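A.B. asks: with the input below, show me the fold.
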Amino acid sequence: MGCQSKQNQRIEEKQRIKPNRTILSDEVLFLLRRRRKKKSKPLKKNPPKEISQIKPQKWDSSLSSSSSLSPPSPPPIPSTPSQLPSSSSSSSAGGEDDAQLRCDSWRFACEANNLGPWKTIPTQCAAYVEDYMMGKRYRFDLDMVAGEASAYARSVGMAGDGKDAWVFDVDETLLSNLPYYQDHGFGLELFNGQEFDKWVSKATAPAIESSLKFYEEVLGLGFKVFLLTGRAEAQRSTTTDNLHAVGFRNWEKLILRGLDDHEKTATAYKSEKRSEIVGDGYRIVGNWGDQWSDLLGYPMSNRSFKLPNPMYFIA
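C.D. replies: Reported below is the predicted structural model:
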């Protein structure tokens, strides 16, 4: 009886500590697409106005004004959802192809940091962004970044003193908020901080699969990991719970915005925190984020890796 009790106890302990690895995998995307098809109104015409029963997360609240797309010189930034410039060619198949190409160009400009500050995606690109985020292209783009970062990380000559560091953002970098944005137009709606905080409080955002694999590889190589997020200090507990639940563990430090940081731009705030990391004797070998504000500023890492995100912009 004593041996049997100990064996049962070990089984219960294993079950208790096993993380609930919710990953943004093909299965999760299938369920999201299936839920999308059940909605009675097309998302691009009538995006849902209230958060449904989804899961959590927060970001920097320093969103700037919305943008227009214009190749040579950007037009004035409107306060309503951004519009692509109208095309002289209209309603033929060629016009539809042009619209697709224009949205391709807009996303390229977005990822290359060539757009001015913007608050919402262009209305004409609502369906395009939805298809991109829910389809294979987004996954392939994530995998491409992870592959390049992995090759670089393995090439680094570690000093062996425990001071080689890698910095990770959290939202749309380690954790995915796609369940939230599916109910909020994939960036078509103006950002609502209160609604987003409700989502964050649920602590159920899935992991980005390629990011989780790379994160584990970085730890295995011996890097010290710093998580640098725009979430508020008050969200430390829910953020930690969410990260642990989907498999992210063993970081050196989780850095969140304190009360003195809320008025700072993301670029300024994250630059200051990286300076503190360097001041503690660490060398930032790599940086991994979905916003340019995660990567720009001083000090910069030896190499930075930008993940795709056409849904929102943080300055």
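A.B. asks: quick check: mean pLDDT of the longest strand belonging to the chain?
C.D. replies: Looking only at the chain and at elements set by DSSP state E, the strand with the highest residue count is strand 224-232. Throughout strand 224-232, pLDDT has a mean value of 98.
A.B. asks: show me what it is packed against.
C.D. replies: strand 164-168, helix 209-221, helix 236-245, strand 253-257, helix 266-279 (3 or more C-beta pairs under 8 Å, 6 or more residues apart in numbering; DSSP states H and E). Every residue, glycine included, has its C-beta placed from N, CA and C.
A.B. asks: ranking these by burial, who's on top?
C.D. replies: For the helices and strands packed on strand 224-232, the largest average neighbour count (mean count of other C-beta atoms under 10 Å) is found in strand 164-168, namely a mean of 24.
A.B. asks: pretty sure Ser176 contacts Leu24?
C.D. replies: Yes: shown here, Ser176 and Leu24 form a contact pair, counting by C-beta atoms under 8 Å, at 4.4 Å.
A.B. asks: tell me the spacing between Tyr312 and Asp197.
C.D. replies: Distance of Tyr312 to Asp197, computed by C-beta to C-beta, to the nearest Å: 15 Å.
A.B. asks: and those two? Which one has more around it.
C.D. replies: Set Tyr312 next to Asp197 and count neighbours by other C-beta atoms under 10 Å: Tyr312 wins out with 22 against 18.
A.B. asks: which non-adjacent residue is nearest the more buried one?
C.D. replies: In this structure, Tyr312 finds its nearest non-sequential neighbour in Gly187, 5.3 Å apart by C-beta to C-beta, 6 or more residues apart in numbering.
A.B. asks: for the most centrally placed residue in the chain, give me its contacts.
C.D. replies: A centroid search over the chain (C-alpha atoms, centre = their mean) returns Glu172, at 1.0 Å, as the residue closest to the centre. Counting by C-beta atoms under 8 Å, 6 or more residues apart in numbering, Glu172 makes contact with 59, 208, 290-291, 307, 309, 311.
A.B. asks: which one of the residues you listed is nearest Arg154?
C.D. replies: Leu307 (19.2 Å; C-beta to C-beta).
A.B. asks: circling back to that earlier point, shared neighbours, Ser176 and Leu24?
C.D. replies: In contact with both Ser176 and Leu24: 206-208, using C-beta under 8 Å, 6+ apart.
A.B. asks: re earlier: now do the longest strand of the chain against helix 236-245, angle only.
C.D. replies: Strand 224-232 and helix 236-245 are oriented at 130 degrees to each other (axes from the mean of the first three to the mean of the last three C-alpha atoms, to 10 degrees).
A.B. asks: strand 224-232 pairs with which strands, parallel or anti?
C.D. replies: Using DSSP bridges, strand 224-232 pairs in its sheet with strand 164-168 (parallel), strand 253-257 (parallel).
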